[in-house]
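A.B. asks: structure for this input, please:
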Amino acid sequence: MSCQYYAQGRCRYGEKCKFSHEIQPEGDARDQHVEEHVQGPMSSRTTVGRPFDQKGRRQRNGQHNRQPRAVQPQVQRTISQRPASEFSGHMSVGPSRSSKGGEVCRAWKAGTCTRGASCRFPHSIEEHVEDVVRKQIATEEQLAVDARLTELAKIRAAEIAKTRAAEIARARAAETTARAAEIAKEAAAKTVQTVVLGSIVTFSAGLELSHLITGFECCTLRIANLPSNVREDEINALFTDRGLDRGRFHLVSMKPMPSGGKLSAEIITDAECGKALSLDLGGLEFRDDVLTLEVSGYNSPGSMSAATERDSNVLTISWRVPSVRYVADYPDTINATAKARELNRQMCSGRRVKVEVNTMPPGCFLPTFHDNSVKISFLPTTISDEEVKTFSGSDVVRRLAVKGGVSSEDVNHITTTLRDDIECIFPGILKSLEPPVPTPSTDGIVLVRARFSSWEDADAVHTRLLNHRIGNVSFFFRLPNPTQYSITIPTEQFRAQKCMWDALIGGIKDKRACMLHINEQGPVVRMRLSGSKKEAIGALKVRAEGLIAGEKVEGWHMTLGYPNNKFLRSVFDDTGALVRADWRRQVLKVYGESKAVEQARELIKDKLEQLSSLEYTKVLAKQSVRFFLARGLPELKETFGEDNVKFVISARRITISGGEEARHALERLIQGSLSGPQIFPDPSGQQSCPICYDNVSSPVHLGCGHVYCAPCIRHFLTSALDSGQFPLTCMGDESQCKVPIPIPTIQQFLPPTSFNRLLEVVFNAHISRHPQEFKYCKTPDCNQIYRSTDPNNTVVGQCPSCFSSICTSCHDDVHDGMNCAENKRQAQAGRVAEERETEAWLAAHGGLVKKCPTCQALIEKVDGCNHMTCTL
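C.D. replies: Next up is the predicted model:
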């Protein structure tokens, strides 16, 4: 009987084992399976060619040569009958209580198993091997099924993921398209509101003038008691919630109130809305505070502010109460002079007295005169000599005689007499005449306030009472000017324009009608314009505001807007002209005489050319790099040239030359790169630019679907300043698209200076194309416009700048008591001679100058054919 431990490689007895260690030569199925079963599992942990020693132990390297040669080939041949991989899974198969399997029953092998068929171990090698193989096949089949199911699940998941990704892509594309359409719609609906030449103007897409309120139609609303944290949109909501269109009002400013903690807002609107809103908003509760609203006349932003004095219809009349004078003698002239300085303006018996060295009256000889004396005036009539001696410190005093004096008890009599005189001169216009205080002041002055219905009535009484006297009492009058305007300018600006201000004041002929008062107060100069005649004040106000506004200089660079700019200071030192930079509007203004201004312009022009060649550097954010590589750099290089754009990708640093326009273009692209992915997708297929008719480079998409080259649309917008073709519309479809270009697109390609200048050009072009609807004010240098009205209705309009009154129907001066037709006939009679002179002048030019049959403008033929078309 063979040793089963020897077959398994576990026999430790070697040659002393009582069982045979020989391998059976005959190979029936049972012995072969046993050998395969024994050698299969051991093949994974034994080494062929390393036989056992005599005690059944595995020999070490180098000791196998002592093994009998007859055993080694038999073991190798038995092991090689089946590959070891077939039994690789058998080692994990162990005995199971539910089914026979695992190792063959050892008791059965020894012939001692008493359990028979109920033994849990197999009693046959074939049963054991079949059970192992069956389980291996089932396991492999299950693994194959699981692998197939896993593969199918992966394929299905990939298909689902692909389908879902396609759906997400379609949804995102639809969302992007919808968002693009929404943004295009919002951009097309955006408007810009600003004040141009005193008028509130609203521009829509394409810079089309959609709403216009002239300065003649405006009024100013001041809303007080607003919270300190109020927002601009909340103030706008106060008006829009009441049905007022956004184009009919304009928020000018929000300023802190003098009381502190609250704000006041200044809004410009038309007079009709102003009256309605004053009734609606007055007393409105806003955030637990009650708003107060005041309606006043319109004043253009940046002009002189109105400062109408209170009680302009009150005439103040003053006079001195009766008083006496004393002369006090001193030992010598030196003592008299010292006493005059010491006692002057001191109080004596409740009066402030005037003390001066006594002098001989001119043309008179007084034998009692002494030059070592002083004269004390404005003493009360009840004072005694002893009181004067005590006050003056002199033992010799004498009282001077009063000619035709009025006693102190006559103060009330004078007031009553004044009332009677005024009633006699102008019956019924005096409202009240009361002294502000019951007793005279310490200076011995009595004041009474005569209140009238209007300033005109007070002025008429003032004129009649100028030389009026009651007894020996003369009067002093003060009547405030009905209209006052004030403004504060820097002292440097005033000094640069001093000759011009002096010439302006010197040219005032009637200083009572209007006068400009200038007061230097350290770093600022305060100017106050006042007078009694509105027309004269208005004309002077327009000229003063023209000097205050200065002259604009073309061009801008950001470095000029820095505080304490050395170049601007050097211009002032070299030319005497002051240059100021408005950072918010990006405008340069120069102040001074004409010659100095021209010199300053040349220096600024040279400086701007120098600055335009300087480099402007920015470090890009990480998310901007890809955008600039794909779009930003090509656009900048195509617009400003290859040599003017440099990009160091390792440092993300981009440098550009080309002045303010290049800087603005770079800032616009940086802002676009940080705002997220582009909304408009790339067009399918190559499109051509509507301007250059070439393939689009650096594309710019409009809401209408047309695509432009960035340099082309930039040139198109900048050239609009000279073309005068408004509104600005898309040129796609051979200029048949006509969709207005949105305002945000225009602002992308134009710096603020050029954009604001373009708004003024559009405004002037609109006024020029509608000469029958809009007219300019008749006052020279006044830029205000007014709207023409129905010729059958006489409407009087007043200019907010120069205060001139104009009939908006016939565009002539106001004609009270006459309609426009009657005024025209009367004026026509006076213009007959002028027309004759004009006709004679036209005849003298041999027909080269004619009148337009539509607008009557004089036309001079220079060249070309005889056909002309009136723009009206």
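
A.B. asks: next, the buried residues of the helix or strand in which residue 499 is found.
C.D. replies: Per DSSP states H and E, residue 499 falls inside helix 498-506. For helix 498-506, the buried set under the neighbour-count rule, 16 or more other CB atoms under 10 Å, comprises 500-501, 504. Placement of C-beta: from N, CA and C, glycine included.

A.B. asks: note down every partner strand of the following helix or strand past it and its orientation.
C.D. replies: Along the chain past helix 498-506, the next helix or strand (assigned with DSSP H and E) turns out to be strand 514-521. Taking DSSP bridges as the criterion, strand 514-521 forms sheet pairs with strand 524-531 (antiparallel).

A.B. asks: ok now the strand it pairs with, how far from the chain's centre?
C.D. replies: Its chain's C-alpha centre lies 31 Å from the corresponding centre of strand 524-531 when counted by CA atoms, centre = their mean, to the nearest Å.

A.B. asks: pLDDT averaged over that strand - what is it?
C.D. replies: For strand 524-531, mean pLDDT rounds to 86.

A.B. asks: for the next helix or strand after that strand, packing partners?
C.D. replies: Of the helices and strands lying after strand 524-531 in sequence (DSSP H and E), the nearest is helix 534-549. Under the contact criterion of 3 or more CB pairs under 8 Å, 6 or more residues apart in numbering; DSSP states H and E, helix 534-549 touches strand 483-490, helix 498-506, strand 514-521, strand 524-531.

A.B. asks: pLDDT of helix 534-549, averaged?
C.D. replies: If you average the per-residue pLDDT over helix 534-549, you get 85.

A.B. asks: the next helix-or-strand element following it pairs with which strands, and in what direction?
C.D. replies: Towards the C-terminus, the helix or strand next in line after helix 534-549, according to DSSP H and E, is strand 551-553. As defined by DSSP bridges, the strand partners of strand 551-553 come to strand 587-591 (antiparallel).

A.B. asks: got the buried residues of helix 498-506 as JSON lines, with distance to residue 817 columns?
C.D. replies: Listed next are those as JSON lines, based on distance: CB to CB, whole Å:
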{"residue": "500", "distance to residue 817": "41"}
{"residue": "501", "distance to residue 817": "41"}
{"residue": "504", "distance to residue 817": "36"}
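
A.B. asks: now these as a markdown table including pLDDT and distance to residue 281?
C.D. replies: Shown next, in a markdown table, are the buried residues of helix 498-506 (pLDDT from 0 to 100; distance: CB to CB, whole Å):
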| residue | pLDDT | distance to residue 281 |
| --- | --- | --- |
| 500 | 92 | 43 |
| 501 | 93 | 41 |
| 504 | 91 | 40 |
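
A.B. asks: on that earlier part again, closest one to residue 116 among the helices and strands packed on helix 534-549?
C.D. replies: Between residue 116 and the helices and strands packed on helix 534-549, the shortest separation by CB to CB is 124.8 Å, and it involves strand 483-490.

A.B. asks: now the helix holding residue 499, how far from the centre of its chain.
C.D. replies: That offset, for helix 498-506, works out to 37 Å (CA atoms, centre = their mean).

A.B. asks: pLDDT weak spots in the stretch 601-750 of the chain?
C.D. replies: Scanning the stretch 601-750 of the chain with the threshold set as pLDDT under 70 gives 650, 676-686.

A.B. asks: could you check the pLDDT of residue 195?
C.D. replies: 86.

A.B. asks: of all the helices and strands packed on helix 534-549, which lies closest to residue 716?
C.D. replies: Taking CB to CB as the measure, those were each checked against residue 716, and strand 483-490 came out nearest at 40.4 Å.

A.B. asks: what strands line up against that closest one, and which way round?
C.D. replies: Strand pairing for strand 483-490, determined by DSSP bridges: strand 305-306 (antiparallel), strand 524-531 (antiparallel).

A.B. asks: now these in TSV, with mean neighbour count and distance to residue 290?
C.D. replies: What follows is the strands paired with strand 483-490, written out as TSV (neighbours: other CB atoms under 10 Å; distance: least, CB to CB, whole Å):
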stretch	mean neighbour count	distance to residue 290
strand 305-306	13	25
strand 524-531	18	34
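
A.B. asks: closest one of the buried residues of helix 498-506 to residue 200?
C.D. replies: Nearest to residue 200, judged by CB to CB, of the buried residues of helix 498-506 is residue 504 at 29.5 Å.

A.B. asks: am I right that that closest one is in contact with residue 518?
C.D. replies: No. With contact taken as CB atoms under 8 Å, residue 504 and residue 518 are classed as non-touching, separated by 9.9 Å.

A.B. asks: could I get the helices and strands packed on helix 534-549 as JSON lines with distance to residue 284?
C.D. replies: Formatted as JSON lines, the helices and strands packed on helix 534-549 follow (distance: least, CB to CB, whole Å):
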{"stretch": "strand 483-490", "distance to residue 284": "31"}
{"stretch": "helix 498-506", "distance to residue 284": "44"}
{"stretch": "strand 514-521", "distance to residue 284": "39"}
{"stretch": "strand 524-531", "distance to residue 284": "35"}
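
A.B. asks: these: which one's closest to residue 465?
C.D. replies: With CB to CB, the closest approach to residue 465 among the helices and strands packed on helix 534-549 belongs to strand 524-531: 20.6 Å.

A.B. asks: ok, now how distant is residue 604 from residue 551?
C.D. replies: For residue 604, the distance to residue 551 under the criterion CB to CB, to the nearest Å works out to 11 Å.

A.B. asks: what segments of the stretch 751-872 of the chain are helices?
C.D. replies: Ranges of helices in the stretch 751-872 of the chain, per DSSP state H, counting those that start in this stretch, are 752-769, 820-830, 832-844.

A.B. asks: now the shortest one - C-alpha only, PDB.
C.D. replies: Looking back up the chat, that one is helix 820-830. What follows is helix 820-830, C-alpha atoms only, in PDB (Å, rounded to 0.1, in the frame of the first residue of the first chain):
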ATOM      1  CA  CYS A 820     -48.900 137.100 -32.700                       C
ATOM      2  CA  ALA A 821     -50.600 138.400 -35.900                       C
ATOM      3  CA  GLU A 822     -51.000 141.900 -34.500                       C
ATOM      4  CA  ASN A 823     -47.400 141.900 -33.300                       C
ATOM      5  CA  LYS A 824     -46.200 140.700 -36.600                       C
ATOM      6  CA  ARG A 825     -48.000 143.500 -38.500                       C
ATOM      7  CA  GLN A 826     -46.600 146.100 -36.200                       C
ATOM      8  CA  ALA A 827     -43.100 144.700 -36.500                       C
ATOM      9  CA  GLN A 828     -43.500 144.400 -40.200                       C
ATOM     10  CA  ALA A 829     -44.000 148.100 -40.600                       C
ATOM     11  CA  GLY A 830     -40.700 148.700 -38.900                       C
END
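
A.B. asks: so it versus helix 832-844, what angle?
C.D. replies: Helix 820-830 and helix 832-844 are oriented at 60 degrees to each other (axes from the mean of the first three to the mean of the last three CA atoms, to 10 degrees).

A.B. asks: so for stretch 247-254, what gets flagged as buried?
C.D. replies: Applying a neighbour-count criterion of 16+ other CB under 10 Å, one finds 247-252, 254 buried in stretch 247-254.

A.B. asks: closest to residue 807 out of the residues you listed?
C.D. replies: Scanning these for proximity to residue 807, where the rule is CB to CB, the winner is residue 248, at 25.0 Å.

A.B. asks: and the closest one, what does it touch?
C.D. replies: The neighbourhood of residue 248, defined by CB atoms under 8 Å, 6 or more residues apart in numbering, consists of 211, 213, 269-270, 273.

A.B. asks: filter those residues to the buried ones?
C.D. replies: Among those, those scoring as buried are 213, 269-270, 273 (criterion: 16+ other CB under 10 Å).

A.B. asks: got CSV for those residues, with pLDDT too?
C.D. replies: CSV is the format used below for the buried ones among the contacts of residue 248 (pLDDT from 0 to 100):
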residue, pLDDT
213, 89
269, 88
270, 86
273, 83
